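>>> Kindly return the folded structure for what I paste below:
(chains A and B)
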Amino acid sequence: MIEWLDDFGVRAVIAGLIMVAIAAPMGCLMVWQRLAFLSDTLGHAAVMGVGLGLLLQVQPIFGVLAVALLIVFSLSRVTGFNTALSETTLAIISHTGLAGGIILVGLLPANTVNLEAILFGDLLATTTRDLLTLLVTTVLLLFVLLHHWRSFVAVSVSREIAQAEGIEVRKVQFLMYIMIALLVAVMMKVMGVLLIAAMLVIPTSSARLFSRSPEQMVFISGLYGLGALAGGITGSFHFDWQTGPAIVVSATLLLLLTLVVTRSFKPHLE
Amino acid sequence: MQAELLVRARRLSLTLGKRQILDDISFELRRAEITTIIGPNGAGKTTLTNIVNGLIGDFEGEIERMPGLRIGYLPQKVYVNTLMPLSVERLLQLTYSPTDQELDRALAQTEVAYLKQRQVRSLSEGELKRVLLARTTLGQPDLIVLDEPTAGVDVSGEIRMYQLIGELRDQLQCAVLLVSHDLHLVMSQTDQVLCLNQHLCCSGLPESVSQHPEYLALFGQQASDSIAIYTHHHDHEHDVSGESSEHRHD
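Prediction:
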């Protein structure tokens, strides 16, 4: 393999960069369509997927993907995409998945799994193989996003108008669900299942404060994502903080800073 | 001579579960004519427009549309995503690709050219309705379907809105299907009224519908009387606005 990938620090940085590249557009779409809570649910339930994967002796990521897809398929059957996802339903799935997953993981022989790494991520332990999975999935997701961007934005603005003007809203929405399932499966390694949603929502919220078009918001979210990543990795290297939590705390600090700055220059905003 | 037939609906019925939503509705929409659907809440007005739009497919009866019929649609409730940064200009380009000229003309037609660069989330309800009305004209529609276009708009804004709809009809030579609660306000612009309460209570010219016993049973004598008042009031209003057309810039 390429030599410079032997350095765990280099792998960690590359994994982080790839994650930021996909978290920005997906995060924006999910915030616009009020689907952020779905990623949280899939994240929690991913613990079940990890447990299943290990019990069946397949890569945990396949277990996670299987569980996530099962959930989005069931949800789409139940709602038919006509109603918003109910918070109660999502909370039930979320916590049952987490609880069931913890029990499953407990059934495994001691030390086969690092529960902390699953829950909060372990960016510094990214292997070359993880990197490859992350890269391939991200390229695939970005390709689909670019290809259907107009439809995704139209559906985000108004389902009614999009539908009346010939966009197949249900198909777009279903595609979106599947993409979220994939996203959660690959982000798990970096952020940990409990913190995935944070990386999708916090940089996006900062960007929203002064973006004037959907694409601008995606771009600025990416910049905030980079800032959070830099903060997280620095904290991790120098102070031995856990990377996932350090990224989230950095993202929130940036959001607070932005709030303070934009409040002081309010006339700039509308 | 009758205008070109755009839509012919024959014996439309729709049942959801055990509830009869629409019962045996027939009507025609013709070019450059404004058809107003009135009726109480739950009468099936929105459902009927959705059948015309093609948003609802599983109904009984038949609906014929002119081949290649282009429809512009303004839904009753447009949930505008406040989480999304979006300019008015961009809103108009969501699914259409208008030229700059077409875009400016559409906004000017509904008197909101000054809103072009504004963020959608900063618009008032009345402004948003006008922007969305402008939007419906972008695809060179043969038919514009407007579901309660004045909900959330104040009364003087409402009167102006109906005038604008009449002007759009004249300029675009399109048919308009309008859902409204207030016959008294749409009256002077309307060519055909469909009074709906699951079934078609009565239909025809506004003056005759407003005297029909079923209309009176639904809306009462008071509503019928107020039509006369508003017709008069409306003519008056028209003269005044001709002299001093007001424009707001902010």
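>>> contacts and neighbour counts: CA atoms only from here.
OK.
>>> now the helices: where do they sit in chain B?
B:45-53, B:88-92, B:100-109, B:125-136, B:155-172, B:183-186, B:206-209, B:213-243 (DSSP state H).
>>> ok, now the stretch 51-200 of chain A?
A:60-79, A:87-107, A:115-120, A:128-157, A:159-164, A:169-191, A:196-208 (DSSP state H, counting those that start in this stretch).
>>> Those: which one's closest to chain B?
Closest approach to chain B among the helices of the stretch 51-200 of chain A is made by helix A:128-157 (5.7 Å; CA to the nearest CA).
>>> so where's the chain uncertain?
With no chain named, the answer covers chain A. For chain A, the stretches flagged by pLDDT under 70 are A:1-2, A:80-84, A:266-270.
>>> try chain B instead
Along chain B, the parts satisfying pLDDT under 70 run over B:1, B:221-250.
>>> and the stretch 51-200 of chain A, which of its residues are near chain B?
Neighbours of chain B within the stretch 51-200 of chain A, by CA under 8 Å from any CA of the partner chain: A:150-151, A:153-154, A:156-158, A:160-165.
>>> now these: which count as buried?
A:151, A:153, A:154, A:156, A:157, A:158, A:160, A:161, A:162, A:163, A:164, A:165 (16 or more other CA atoms under 10 Å in any protein chain shown).
>>> pretty sure the fourth one is in contact with residue A:28, am I right?
No. Shown here, residue A:156 and residue A:28 do not form a contact pair, counting by CA atoms under 8 Å, at 9.9 Å.
>>> Please list all residues in contact with residue B:87.
By CA atoms under 8 Å, 6 or more residues apart in numbering or on different chains, the residues touching residue B:87 are A:212, A:213, B:116, B:117, B:118, B:119, B:120.
>>> out of these, which one sits closest to residue A:144?
residue A:213 (20.3 Å; CA to CA).
>>> Quick one: residues contacting the closest one.
Contacts of residue A:213 by CA under 8 Å, 6+ apart are B:84, B:85, B:86, B:87, B:90.
>>> same question, residue A:177
Contact analysis of residue A:177 by CA under 8 Å, 6+ apart lists residue A:72.
>>> Residues contacting stretch A:93-108, please?
A:40-52, A:54-55, A:113, A:115.
>>> Just the buried ones from those residues?
A:40-52, A:54, A:115.
>>> residues in chain B within reach of chain A, list them.
Counting by CA under 8 Å from any CA, the residues of chain B near chain A are B:53-55, B:72-75, B:78-81, B:83-87, B:90, B:94-95, B:119, B:122.
>>> my guess is residue A:222 meets residue A:28, correct?
No. Residue A:222 lies out of contact with residue A:28 (CA under 8 Å); the separation is 10.0 Å.
>>> who's more crowded, these two?
Ranked by neighbour count (other CA atoms under 10 Å in any protein chain shown), residue A:222 and residue A:28 place residue A:28 first, with 31 against 25.
>>> you'd agree the more buried one is in a strand?
No. Using DSSP: H, G, I helix; E, B strand; the rest coil, the assignment for residue A:28 is helix, not a strand.
>>> quick one, what contacts the most centrally placed residue in chain A?
Nearest to the geometric centre of chain A sits residue A:196, at 4.5 Å (CA atoms, centre = their mean). Contact partners of residue A:196, counting by CA under 8 Å, 6+ apart, are A:39, A:40, A:43, A:184, A:187, A:188.
>>> One more: residue A:227?
A:250, A:251, A:254.
>>> Please name the nearest non-neighbouring residue to the first one.
Spelled out, it's residue A:250. Counting by CA to CA, 6 or more residues apart in numbering or on different chains, residue A:250 lies nearest to residue A:228, which is 4.9 Å off, once chain neighbours are set aside.
>>> roughly how far is the helix or strand where that neighbour lies from the heart of the chain?
Take DSSP states H and E as the rule and residue A:228 turns out to sit in helix A:214-239. When distances are taken as CA atoms, centre = their mean, to the nearest Å, helix A:214-239 is centred 14 Å away from the chain's centroid.
>>> Which single residue in the stretch 1-150 of chain A comes nearest to chain B?
At 5.8 Å from chain B, residue A:32 is the closest residue in the stretch 1-150 of chain A, using CA to the nearest CA.
>>> For burial, what's the neighbour tally of that residue?
Using other CA under 10 Å, residue A:32 has 22 neighbouring residues.
>>> With residue A:18 instead?
17.
>>> Now the host helix or strand of it: buried residues?
Assigned by DSSP H and E, residue A:18 belongs to helix A:8-32. Under the neighbour-count criterion of 16+ other CA under 10 Å, helix A:8-32 has A:8-9, A:11-32 buried.
>>> That helix packs against which elements?
If you count contacts as 3 or more CA pairs under 8 Å, 6 or more residues apart in numbering or on different chains; DSSP states H and E, helix A:8-32 packs onto helix A:128-157, helix A:169-191, helix A:196-208, helix A:214-239.
>>> and if we set it to 10 Å?
helix A:36-55, helix A:128-157, helix A:169-191, helix A:196-208, helix A:214-239 (3 or more CA pairs under 10 Å, 6 or more residues apart in numbering or on different chains; DSSP states H and E).
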